[in-house]
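> next comes the sequence, and after it the predicted model I'd like to discuss.
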Amino acid sequence: MEEIMESMIGSGMTESVMAMGVMLLVIAIYGGIFLIAGISYLLESIAFFKIGQRRLIPNSWLSFIPIANYWIIGKIVEDYDLKQQNIKRNWAKTLLILVIAGPALVIVSYIALLLTAMGMGIFADTIVDESAIIAILPIFILFYIVFLVAVMIMSAFSILTAVCIFKIFESLKPEKAIKYMILFMVVPLAGPILLFKNRNEGYDYLPIEEDETEEAPLFEETEDL
């Protein structure tokens with residue numbers, strides 16, 4: 001009997017130790033992910049703020065604010081396109097609309113689906129015929145359509161953001177832009193580190209200084225005849 005109790009206690013302790021180990025492993029994994037994400041965001045924010053300042057982008061401090069930072073990214077790229085190709089593109093507005101619209105559609109579609117599911121649960125006793133179920137079917141179809149549109153919007157946002165990052169690399173280090181972009185997409189933290197490292201490279205604008213030349217007198221002195 002004592003041996004059985006000891007084995008049960010031993011197995012219980014083993015399971016507890018294993019559960020604790022799994023929990024610590026999960027915490028370590030998620031902690032590492034959040035740490036890398038935080039460092040990446042900080043380095044990118046500082047880099048975009050400095051680049052925006054050097055190119056006289058208004059309100060460059062918005063690079064530290066989530067979602068609003070895409071406005072600064074877009075403005076930096078707009079400035080680069082205007083300088084290199086003399087073309088005006090609305091990168092800032094496009095990125096800002098996409099970064100808001102995609103998640104907003106996902107949230108709205110899920111709320112609508114949840115409310116529909118709750119309604120079906122509440123009125124489960126009355127929904128017994130196929131006609132009632134068929135009547136609810138369009139709601140689920142609409143959910144999937146909206147969800148698909150949201151996925152397409154977020155995919156377009158990811159692609160356009162990648163294009164903007166490449167253009168920023170190109171404005172900083174034209175000869176290394178492709179290599180930097182590959183590292184940005186493949187290696188964690190590589191992109192933010194490269195942006196931060198090269199934030200003072202590339203072209204910039206200097207504030208217009210006051211003309212230091214002497215003003216001409218209103219009336220020039222002439223020799224007496």
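Received it, and whenever you're ready, just let me know what you need. Numbers count the residues shown, from 1 in each chain.

> in this protein, where is pLDDT below threshold?
The chain contains residues with pLDDT under 70 at 1-13, 15, 117, 119-136, 206-225.

> report the longest helix in it, please.
Longest helix of the chain, by residue count under DSSP state H: helix 2-54.

> that one packs against which elements?
Secondary-structure packing of helix 2-54 (3 or more CB pairs under 8 Å, 6 or more residues apart in numbering; DSSP states H and E): helix 69-85, helix 190-197. Using the backbone N, CA and C atoms, a C-beta is placed for each residue, glycine as well.

> ok and that helix relative to helix 69-85, angle-wise?
For helix 2-54 against helix 69-85, the angle by axes from the mean of the first three to the mean of the last three CA atoms, to 10 degrees is 40 degrees.

> could you measure from the closest residue to E78 other than its chain neighbours over to E170?
Of all residues not flanking E78 in the chain, W91 sits nearest, at 5.1 Å (CB to CB, 6 or more residues apart in numbering). As for W91, its distance to E170 is 14 Å (criterion: CB to CB, to the nearest Å).

> likewise for L24?
From L24 to E170 the distance is 44 Å (CB to CB).

> look at these two and report which has more neighbours.
More crowded of L24 and E170, by other CB atoms under 10 Å: E170, with 19 against 10.

> and that one, what does it touch?
Y80, A177 (CB atoms under 8 Å, 6 or more residues apart in numbering).

> again, but for D79
R55, I57.

> check N59 too.
Taking CB under 8 Å, 6+ apart, one finds I72 in contact with N59.

> now it, what are its backbone angles?
Per-residue torsions, N59: phi 60, psi 50 (degrees, to the nearest 10).

> ok, G202 next?
Backbone torsions for G202, taken as degrees, to the nearest 10, come to phi 80, psi -170.

> run a quick neighbour tally on it.
When neighbours are counted by other CB under 10 Å, G202 comes out with 17.

> OK, contacts around the residue nearest to it when sequence neighbours are not counted?
Distances taken as CB to CB, 6+ apart place L172 nearest to G202, at 4.2 Å, with adjacent residues excluded. Applying CB under 8 Å, 6+ apart to L172 gives the contacts I51, L195, N198, R199, E201, G202.

> list buried residues within these.
Among those, those classed as buried by 16 or more other CB atoms under 10 Å are I51, L195, N198, R199, G202.

> will you turn the helices and strands packed on helix 2-54 into TSV that also has distance to I39?
Below are the helices and strands packed on helix 2-54 laid out as TSV (distance: least, CB to CB, whole Å):
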stretch	distance to I39
helix 69-85	15
helix 190-197	7
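
> closest one to I100 among those helices?
The closest of those to I100 is helix 69-85. By CB to CB, the value is 9.4 Å.

> hey, C-alpha coordinates of the closest one in CSV?
Extracted in CSV, the C-alpha atoms of helix 69-85 (Å, rounded to 0.1, in the frame of the first residue of the first chain):
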residue,chain,number,x,y,z
ASN,A,69,3.9,55.7,-37.8
TYR,A,70,2.8,54.5,-41.3
TRP,A,71,1.9,58.1,-42.1
ILE,A,72,5.5,59.1,-41.6
ILE,A,73,6.7,56.1,-43.6
GLY,A,74,4.5,57.1,-46.4
LYS,A,75,5.6,60.7,-46.2
ILE,A,76,9.3,59.7,-46.4
VAL,A,77,8.6,57.7,-49.5
GLU,A,78,6.5,60.4,-51.1
ASP,A,79,9.4,62.8,-50.6
TYR,A,80,11.8,60.3,-52.1
ASP,A,81,9.6,59.7,-55.2
LEU,A,82,9.2,63.4,-55.7
LYS,A,83,12.9,64.0,-55.5
GLN,A,84,14.0,61.0,-57.7
GLN,A,85,11.2,60.9,-60.3
